[in-house]
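Peer 1: Output the structure for:
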Amino acid sequence: EDGFNDVYNWAEVSVKKVKFKAIKAQATFKGVDVKVKLLTKKGKAIVSKKVTVNFNGKKYTVKTNKKGIITFKKSMKLKSKKYTMKITYMGAKFTKKLKIKPLILKATATKKKINVKVTINKKVKNKKVVVKVKSKKYTVKTNKNGVVKLTLKKSTFKNAKKVTCSATYLKNTVKQSLKI
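Peer 2: Numbering: from 1, shown residues only. Below is the predicted model of the structure:
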């Protein structure tokens, strides 16, 4: 009658099989940026639902968007090691291992130039970083902030539509593909 005592019209929803699909998983010493899509067993997006994310000893609650995607983006200082992120929704669990490297590589292209910036997690001065763009190697020293900047002319890479950039410091290497 008033809806409060009408126990026969209640329905229990059970989602035992949830599909998790990692869309993006980036982690650096400056923070994490992870996107995961949650789908039902039949492939439908799980929309506007709260999901629990456990990362670095803390518990966070994130809500899925209209496409069933959670975005977990946090700025935090992380050490160069392996971390495990656990995402939980109604008993279903998803685990993503993230390895933090002590380098960040960011390559961009303008009409005439390719800019490469490498950041090391410590402020180390005059340390050698080997930057490789396509098949050409450049050895560059860090500035006082542990940053390497390299600017190259696009004409150096004639007829190339895409180049691969990599940076190596000690035993750590990071790579990025760049359309030019």
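Peer 1: which regions of the chain sit below the pLDDT cut-off?
Peer 2: 1-16 (pLDDT under 70).
Peer 1: what residue is smack in the middle of it?
Peer 2: residue 26 (1.7 Å; Cα atoms, centre = their mean).
Peer 1: For the chain, just list every one of the strands.
Peer 2: With DSSP state E as the criterion, the chain has strands at 19-28, 31-39, 50-55, 58-63, 69-75, 82-89, 92-99, 103-109, 113-120, 128-133, 136-141, 147-153, 162-169, 172-179.
Peer 1: For the second one, buried residues please.
Peer 2: Within strand 31-39, the residues scored as buried using 16 or more other Cβ atoms under 10 Å are 32, 34-38. From N, CA and C alone the C-beta is placed, and that goes for glycine too.
Peer 1: Kindly report the same for the first one.
Peer 2: Residues of strand 19-28 classed as buried under the neighbour-count rule (16+ other Cβ under 10 Å) are 19-20, 27-28.
Peer 1: Using JSON lines, lay out those residues together with distance to residue 120.
Peer 2: Conversion of these to JSON lines gives the following (distance: Cβ to Cβ, whole Å):
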{"residue": "19", "distance to residue 120": "38"}
{"residue": "20", "distance to residue 120": "33"}
{"residue": "27", "distance to residue 120": "16"}
{"residue": "28", "distance to residue 120": "11"}
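Peer 1: Tell me the one among those residues nearest to residue 94.
Peer 2: residue 20 (3.7 Å; Cβ to Cβ).
Peer 1: Look up the closest residue to that closest one, ignoring the ones flanking it.
Peer 2: residue 94 (3.7 Å; Cβ to Cβ, 6 or more residues apart in numbering).
Peer 1: likewise residue 41?
Peer 2: Here the residue nearest residue 41, using Cβ to Cβ, 6+ apart, is residue 17, at 4.1 Å.
Peer 1: how far away is the one you found from residue 28?
Peer 2: Note on residue 17: its distance to residue 28, by Cβ to Cβ, to the nearest Å, is 33 Å.
Peer 1: repeat for residue 118
Peer 2: 12 Å.
Peer 1: what touches both of the two?
Peer 2: Residues touching both residue 118 and residue 28 (Cβ atoms under 8 Å, 6 or more residues apart in numbering): residue 104.
Peer 1: on that earlier part again, ok, so of the buried residues of strand 19-28, who is nearest residue 55?
Peer 2: Minimum distance to residue 55 across the buried residues of strand 19-28 is 9.5 Å, recorded for residue 27 (Cβ to Cβ).
Peer 1: Pairing partners for the residue lying closest to the closest one once chain neighbours are set aside in the sheet, please.
Peer 2: Of all residues not flanking residue 27 in the chain, residue 98 sits nearest, at 4.0 Å (Cβ to Cβ, 6+ apart). Residues in a beta bridge with residue 98, per DSSP bridges, are residue 83.
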